[in-house]
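In: model the structure of this input:
(one chain, ligands or ions: 2)
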Amino acid sequence: MLDLSSIMEYLDNSISSKRYVHSINVSKTAKKLAELYEADSAKAEIAGLVHDCARDLEKSLQLKYLKEEGIEADELTMNIKELLHGPAAVHICKSVFAIEDEEILSAVRYHTTGKENMSLLEKIIYLSDFIEPERSFPGVEELRSIALKSLDEALLGAFNSSISYILSTNRFVHIDTILARNYVLKEVQEHEKRCRDNSR
Ligand SMILES: [Fe+2]
Ligand SMILES: [Fe+2]
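Out: Ligands and ions are numbered 1, 2, ... in the order given. Coordinates of the predicted model:
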């Protein structure tokens, strides 16, 4: 795998400066959350850094990258550039950064939609992308403070916020986002039940 400074140099030359700052912020936020929730902080730092490496590419190139990786995208993903850059990034991660770690690749691939039954690293990257310090939307401060207490509760808040926004703008909600949200809601509810049972 390329070292972090070489990856940063590549990103600095291939994504906008705004997105570069965002990538550094997501990387730092992911590292902190990984330390807090006992995930692999080195993997979180890398995944956060590279997650948007395909964000500014032409749609045709993103589609080509998916094909080269043998990733079959559904119709909605194929038609929405904002959804394509997650799976397309897998190709750059492998071919340019020489990242082979499946956990990192999966966290990058699913950072736009989420998915059912997410791994700890996938949760951390999705949430870090949502709450990094430059993000500003109603409720982000609350999500940042929840993130310090419960990863799943913060993630649920992030999915709820994201889905509400998509609905309010009358766009399509990806099925993986709904499955991800329902799964994490179940995890939060089961955790609450265990806490109630233990306190009896
Ligand atoms: Fe992204
Ligand atoms: Fe991002």
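In: leaving out sequence neighbours, find the closest residue to residue 86.
Out: Among residues not flanking residue 86 along the chain, residue 112 sits closest, at 3.9 Å (C-beta to C-beta, 6 or more residues apart in numbering). C-beta here means a position set from N, CA and C on the backbone, and glycine is covered the same way.
In: quick one, what contacts the one you found?
Out: 82-83, 85-86 (C-beta atoms under 8 Å, 6 or more residues apart in numbering).
In: any buried residues in the worst-scoring helix or strand of the chain on mean pLDDT, and which?
Out: Least confident helix or strand, the chain: helix 75-79 with a mean of 92, by mean pLDDT, DSSP states H and E. By neighbour count on 16 or more other C-beta atoms under 10 Å, the buried set for helix 75-79 is residue 77.
In: distance from that helix to the middle of the chain?
Out: Counting by C-alpha atoms, centre = their mean, to the nearest Å, helix 75-79 is centred 18 Å from the centre of its parent chain.
In: what does this protein put close to ligand 2?
Out: By C-beta under 5 Å from the ion, the residues of the chain that approach ligand 2 are 52, 129.
In: longest helix of the chain?
Out: helix 175-198 (DSSP state H).
In: which parts of that helix are buried?
Out: Of the residues in helix 175-198, those buried (16+ other C-beta under 10 Å) are 176-177, 179-181, 183-185, 187-188.
In: ok, and what's touching it?
Out: Against helix 175-198 from outside (C-beta under 8 Å, 6+ apart): 74, 76, 110, 113-118, 123, 150, 152-153, 155-156, 159-160, 162-163, 166.
In: of those, keep whichever come out buried.
Out: Going by neighbour count (16+ other C-beta under 10 Å), the contacts of helix 175-198 have 110, 113-115, 118, 123, 152-153, 155-156, 159, 162-163 buried.
In: format these as TSV; extra columns: secondary structure.
Out: Listed next are the buried ones among the contacts of helix 175-198 as TSV, based on DSSP: H, G, I helix; E, B strand; the rest coil:
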residue	secondary structure
110	coil
113	coil
114	coil
115	coil
118	coil
123	helix
152	helix
153	helix
155	helix
156	helix
159	helix
162	helix
163	helix
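In: can you give me the helices in the chain?
Out: 4-14, 17-36, 41-50, 59-69, 75-79, 81-95, 102-109, 120-131, 140-147, 151-168, 175-198.
In: worst mean pLDDT among the ones you listed?
Out: When the helices of the chain are compared by mean pLDDT, helix 75-79 comes last with a mean of 92.
In: contacts for the least confident helix or strand of the chain, please.
Out: By C-beta under 8 Å, 6+ apart, helix 75-79 touches 63, 83-84, 87, 113, 172, 174-175.
In: what do you get if the cut-off is 6 Å, keeping everything else the same?
Out: 83, 172, 174 (C-beta atoms under 6 Å, 6 or more residues apart in numbering).
In: what's the spacing between the closest residue to residue 154 other than its chain neighbours and ligand 2?
Out: For residue 154, ignoring the flanking residues on the chain, the nearest one in space by C-beta to C-beta, 6+ apart is residue 147 at 3.9 Å. Computed with C-beta to the ion, to the nearest Å, the distance linking residue 147 and ligand 2 is 16 Å.
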